[in-house]
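Student: Here's a sequence, model it:
(4 chains)
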2 protein chains.
Amino acid sequence: MSNLTDKFAALADETRLSVVERLLDEGELPAGALVADATISGPAISRHLKVLRAAGLVHQRADGTKRFYSVRPEGLRAISEWTMDHRSFWEAGLDRLEALLAEEEE
Amino acid sequence: MSNLTDKFAALADETRLSVVERLLDEGELPAGALVADATISGPAISRHLKVLRAAGLVHQRADGTKRFYSVRPEGLRAISEWTMDHRSFWEAGLDRLEALLAEEEE
DNA sequence: ACATTATTTAACACATTTGTTAAATAATGT
DNA sequence: ACATTATTTAACAAATGTGTTAAATAATGT
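Tutor: Numbers count the residues shown, from 1 in each chain, chains lettered A, B, ... in the order given. Take a look at the predicted model:
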């Protein structure tokens, strides 16, 4: 499904990271909606979406002439899993992570 | 401390990701040890280390003529926190993450 | 069939990244 | 002071990435 460095590379661009975050916040959106709010051209956004898709971070769904994009959970999970593999290193104790978990379990 | 896209960019290169993973596995290492196992030149590795440092992912410590590198927990944590901020999206239930936690709590 | 709307692909310019080798810097030992 | 060891900086070529505008493709409505 494309490798981890491809995913990091995809998120290494401010425009692409913004697109992903917007799709996470607002859910599925057509390319046009992303172009509308961007400062760069349609073709530029289109190519950024292609990079995100190649990295396995977003999914494309066609409906009429529109192309709806959404974040692929597996894509984000791959990154999360990498950090989790090394969690014992960056997390001194389990307290912090457990606190995060507890927060959302309410 | 440099932003998130810089960290993603730093990890978007296979050589740099390998360096980080090696430092995670083996702990602090001098630049020379990383050069020894690399297929590319010393200067190339040196510049990769500079990128990782600028991204806040590794720390450099001087001892004599040697420069020891190690992973900065805060650097990895920044990435982990980004995925955690969107955890509810990529993680259908909490089962999977809890399983991961349980694994290491033994 | 033709026009419209939505999006992508092509062609190109410019900037950034990544590798190389040679030279510079820095600390240590003789 | 000088040589040695460890690493970085400089200069440059080749590859990659990002933006632009113009043209191509695709689905839908008239």
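
Student: And the residue of chain A closest to DNA strand C?
Tutor: residue A:32 (2.3 Å; CB to the nearest atom of the strand). Every C-beta, even on glycine, is put in place using the N, C-alpha and C of the backbone.

Student: Run a quick neighbour tally on the closest residue to that residue other than its chain neighbours.
Tutor: Once flanking residues are discounted, residue A:32 sits nearest to residue A:66: 7.0 Å by CB to CB, 6 or more residues apart in numbering or on different chains. Residues lying near residue A:66 (other CB atoms under 10 Å in any protein chain shown) number 12.

Student: Which residues are in contact with residue A:66?
Tutor: Neighbour list for residue A:66: A:30-32 [criterion: CB atoms under 8 Å, 6 or more residues apart in numbering or on different chains].

Student: Now render those residues as a markdown table, adding distance to residue A:53 and pLDDT.
Tutor: Converted to a markdown table, these look like this (distance: CB to CB, whole Å; pLDDT from 0 to 100):
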| residue | distance to residue A:53 | pLDDT |
| --- | --- | --- |
| A:30 | 14 | 98 |
| A:31 | 11 | 98 |
| A:32 | 16 | 97 |
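
Student: show me where pLDDT drops low in chain A?
Tutor: A:1, A:92-106 (pLDDT under 70).

Student: how about the strands in chain A?
Tutor: A:29-30, A:58-63, A:66-71 (DSSP state E).

Student: What residues does chain A have near DNA strand C?
Tutor: When proximity is defined as CB under 7 Å from any atom of the strand, chain A approaches DNA strand C at A:30-32, A:35, A:42-43, A:45-47, A:49-50, A:60, A:65-67.

Student: from those residues, which is closest to residue A:73?
Tutor: Among those, residue A:60 lies closest to residue A:73 (CB to CB), at 15.1 Å.

Student: Give me the most central residue, chain A.
Tutor: Most central in chain A under CA atoms, centre = their mean is residue A:20, positioned 4.1 Å from the mean C-alpha point.

Student: Enumerate every residue touching the closest residue to residue A:45 other than its chain neighbours.
Tutor: Distances taken as CB to CB, 6+ apart put residue A:35 closest to residue A:45, at 4.9 Å, once the chain neighbours are dropped. The contact partners of residue A:35, by CB under 8 Å, 6+ apart, come to A:41-42, A:45-46.

Student: Which residues are in contact with residue A:53?
Tutor: A:59-60.

Student: Can you give me the distance of it to chain B?
Tutor: Applying CB to the nearest CB, to the nearest Å, the value for residue A:53 to chain B is 17 Å.

Student: wait, isn't residue A:12 in contact with residue B:3?
Tutor: No. With contact defined as CB atoms under 8 Å, residue A:12 does not count as touching residue B:3 (10.6 Å).

Student: Looking at those two, which is more packed in?
Tutor: A count of neighbours by other CB under 10 Å puts residue A:12 above the other of residue A:12 and residue B:3, at 20 against 13.

Student: what's the closest residue to the more buried one other than its chain neighbours in contact with, if anything?
Tutor: Spatial nearest neighbour of residue A:12, excluding adjacent residues (CB to CB, 6+ apart): residue B:9 at 3.7 Å. Counting by CB under 8 Å, 6+ apart, residue B:9 touches A:8-9, A:12, B:51, B:55.

Student: Check residue A:56 too.
Tutor: For residue A:56, the contacting residues are A:1-2, A:6-7, A:72, A:74-75, A:78, by CB under 8 Å, 6+ apart.
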